[in-house]
Every structure is written in structure tokens, then in C-alpha cells.
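Participant: This is a predicted model, with the sequence first.
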Amino acid sequence: MALSPDKARHAAVMMIGGLALSRAITGALLRKDLLQSCLAGVRVLVAQPTEPAKLDCD
């Protein structure tokens, strides 16, 4: 499935912004929550089925 340029741009901004913010956060739980929220947002944007996010950011 190919994304439209607009959706691809939105997804990239969400992922890059989430990563940049997560690097500024010192709390591991808050950082993980932020990254999971960004991942869920990107999944909604590209209309993929929601799966539990499994991030290894420790």
C-alpha cells in the first residue's frame, strides 16, 4: 500500500518529532508512552490495524 505524499509527510513529521521529544525526556515511562502514542498515531494515519506497540527503548 502506497501512501499519498501528504500522509507520508505527516507520518514522517510525527515520527521525527516524537523521537526528538523522547530524547529530551528523562523519565523512561513518559518517554515510552510518548513513543507509543506516536506509533499509534502513525498507524491510524496510514490505516493499519492497531497492534500493541512493542518498543525497546530502555
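Facilitator: Received, thanks. From a predicted model like this one, the values you see are computed outputs, not experimental measurements.
Participant: Can you list the buried residues in the helix or strand encompassing Ala40?
Facilitator: Applying DSSP states H and E as the criterion places Ala40 in helix 28-45. Neighbour-count burial for helix 28-45, counted by 16 or more other C-beta atoms under 10 Å, picks out 31-32, 34-36, 38-39, 42. Backbone N, C-alpha and C define where each C-beta goes, glycine included.
Participant: cool, and stretch 11-28?
Facilitator: In stretch 11-28, counting by 16+ other C-beta under 10 Å, buried: 11, 14, 18, 22.
Participant: Surely the first one is in contact with Leu3?
Facilitator: Yes - using C-beta atoms under 8 Å, Ala11 and Leu3 qualify as a contacting pair, with a distance of 6.9 Å.
Participant: Quick check: neighbours shared by the two?
Facilitator: Here Ala11 and Leu3 share the contacting residues Val46, scored by C-beta atoms under 8 Å, 6 or more residues apart in numbering.
Participant: on that earlier part again, and of the buried residues of helix 28-45, the nearest to Lys7?
Facilitator: When the buried residues of helix 28-45 are compared for distance to Lys7 (C-beta to C-beta), Val42 wins out at 9.6 Å.
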